[in-house]
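Engineer: Everything below, folded, please.
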Amino acid sequence: MLDGGRRRIDELKVGDKIWSLADNGRYFVEDEMILMMHAERHSLDVFYSFETVEGDSVSLTGSHNIVVVVAGETQPIFLRASKVTLKHRLVMFNRTIGLRNIMVSRRIGFYSPLTLTGYLLVNGISTSVYADSFRATHHTLHRVFTPVRIYYRLTRWFFGDSYNPFKTNIEDGMHPLISFILRHHWPIRAIYYGSHIIACTIIIAVAVHFTQQLLLQSFTKPRKLDIK
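Structural biologist: Numbers count the residues shown, from 1 in each chain. Now for the predicted structure:
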């Protein structure tokens, strides 16, 4: 928490100010809880628990993404928890750390919050808030959720910090907004990738147009004749 305290994930509330790590883990960024995407207090699921060589640990469901670095490399990547091995290193503040042990167990209850940055700092270890069940990369999902973040900021600015724009009576299960995204993921994908294709096409067309204009001007520009 920004105030220096600690809170369990199931205790997080909309508007809670928390710390997250930047992409490279080199500095902290102020973050905020937007909504609880999925909460299953009584559901039994498979968890992967990662213990570092220094004794820090984090537990995630198999489909949840976590920030890792492949041994011998420096660039962080996102990997679903079930695919992490002892060859990977986890990201902590300003460093990466090796793994001592990976344990697989069944536990009751899991929670998946959504934050402004798309990251969540758990016991000092950087994780993603997105799960592989969305069938898209962390960065793609973060861009897809951009309208959600904008709407959250605008409504909180207009109605005050106590306003919850995504309030729901559902305590267990998936948030209606997330259910909508999952049900309509194909049209959303089409709009997302289609907009990229259209934008690239427009940029290329404009570049070609101006290039043609410049070439045309250079060839049609009148030249002075040097008559002696």
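
Engineer: mean confidence for the longest strand belonging to the chain?
Structural biologist: The residue-count maximum for a strand in the chain (DSSP state E) belongs to strand 28-52. In this model, strand 28-52 has a mean pLDDT of 94.

Engineer: Within its sheet, name the partner strands of it and how each one runs.
Structural biologist: Paired neighbours of strand 28-52 in the sheet (DSSP bridges): strand 17-21 (antiparallel), strand 57-61 (antiparallel), strand 95-115 (antiparallel), strand 173-174 (antiparallel).

Engineer: Can I get these in JSON lines including mean neighbour count and distance to residue 149?
Structural biologist: All C-beta atoms are positioned from the backbone trio N, CA, C, and that covers glycine. Output for the strands paired with strand 28-52, formatted as JSON lines (neighbours: other C-beta atoms under 10 Å; distance: least, C-beta to C-beta, whole Å):
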{"stretch": "strand 17-21", "mean neighbour count": "19", "distance to residue 149": "14"}
{"stretch": "strand 57-61", "mean neighbour count": "20", "distance to residue 149": "23"}
{"stretch": "strand 95-115", "mean neighbour count": "15", "distance to residue 149": "9"}
{"stretch": "strand 173-174", "mean neighbour count": "16", "distance to residue 149": "19"}
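
Engineer: out of these, which comes closest to residue 41?
Structural biologist: strand 95-115 (4.9 Å; C-beta to C-beta).

Engineer: follow-up on the earlier one: who wins for proximity to residue 152 among the strands paired with strand 28-52?
Structural biologist: Short answer: strand 95-115, nearest of those by C-beta to C-beta, at 9.2 Å.

Engineer: Now the element after that closest one, going C-ward?
Structural biologist: Remark: after strand 95-115, the chain's next helix or strand is strand 119-122, criterion DSSP states H and E.

Engineer: What pairs with that following strand, parallel or antiparallel?
Structural biologist: Paired strands of strand 119-122, defined by DSSP bridges, are strand 125-131 (antiparallel).

Engineer: Distance from the longest strand of the chain to the middle of the chain?
Structural biologist: On the basis of C-alpha atoms, centre = their mean, to the nearest Å, strand 28-52 sits 13 Å off its chain's mean C-alpha point.

Engineer: which parts of that strand are buried?
Structural biologist: Within strand 28-52, the residues that qualify as buried are 31-40, 47-48, 50-52, counting by 16 or more other C-beta atoms under 10 Å.
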